[in-house]
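>>> Got a predicted structure here, sequence first:
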Amino acid sequence: MNGRDEQEAMDEQEAPDEFEQTLQRAMQRVNAPETLAKFLATAVEAEEHRRRSGSGWFRPSRGGRVYVLPKPRRWVVGALAAALLLTALGAREWRLRQERVALADEQFTAAVRVTDQALEQTREQLRQAGLNLGQ
């Protein structure tokens, strides 16, 4: 082995150790911030208050005033999903109809152009034959 091969072999041996150390540092346990614990405690307190009183307004023990939204009913979620689906399908249908109208308009314009050309050729042939229809 030459010096370069030895250096590469040493680098390969050190690389996993460095990777493992980086991974170990990244996976170290980190305590949750205190604000998270306060938030969760307030959320639990608010939910209990909503269940007991049925009222949405709540004054937590830490101060302030909070409005707690009730949990949505399952049928509401289903109705929203159905409304979104119908809206999407309606928009798709509208777009397809607009495309069909545009295509029909193009076809009509092309048909009028072809008819005008055919009539002009027929008029020219009639003029050459000596018939003038007097436009």
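Thanks, I have the structure now. What you see is a predicted model, and the numbers here were worked out from it, not measured in a lab.
>>> Just the mean pLDDT for the helix with the most length in the chain, thanks.
The longest helix of the chain (DSSP state H) is helix 74-128. Model confidence over helix 74-128 averages 94 on the pLDDT scale.
>>> so how many other residues sit close to residue 41?
Neighbour count for residue 41, taken as other Cβ atoms under 10 Å: 13. (C-beta placed from N, C-alpha, C; glycine too.)
>>> how about the nearest residue to residue 67, chain neighbours excluded?
Excluding the flanking residues, the one nearest residue 67 by Cβ to Cβ, 6 or more residues apart in numbering is residue 56, at 5.0 Å.
>>> got a list of what the one you found touches?
Counting by Cβ atoms under 8 Å, 6 or more residues apart in numbering, residue 56 makes contact with 50, 67-70.
>>> Tell me the spacing between residue 41 and residue 57.
Remark: distance between residue 41 and residue 57 (Cβ to Cβ, to the nearest Å) = 19 Å.
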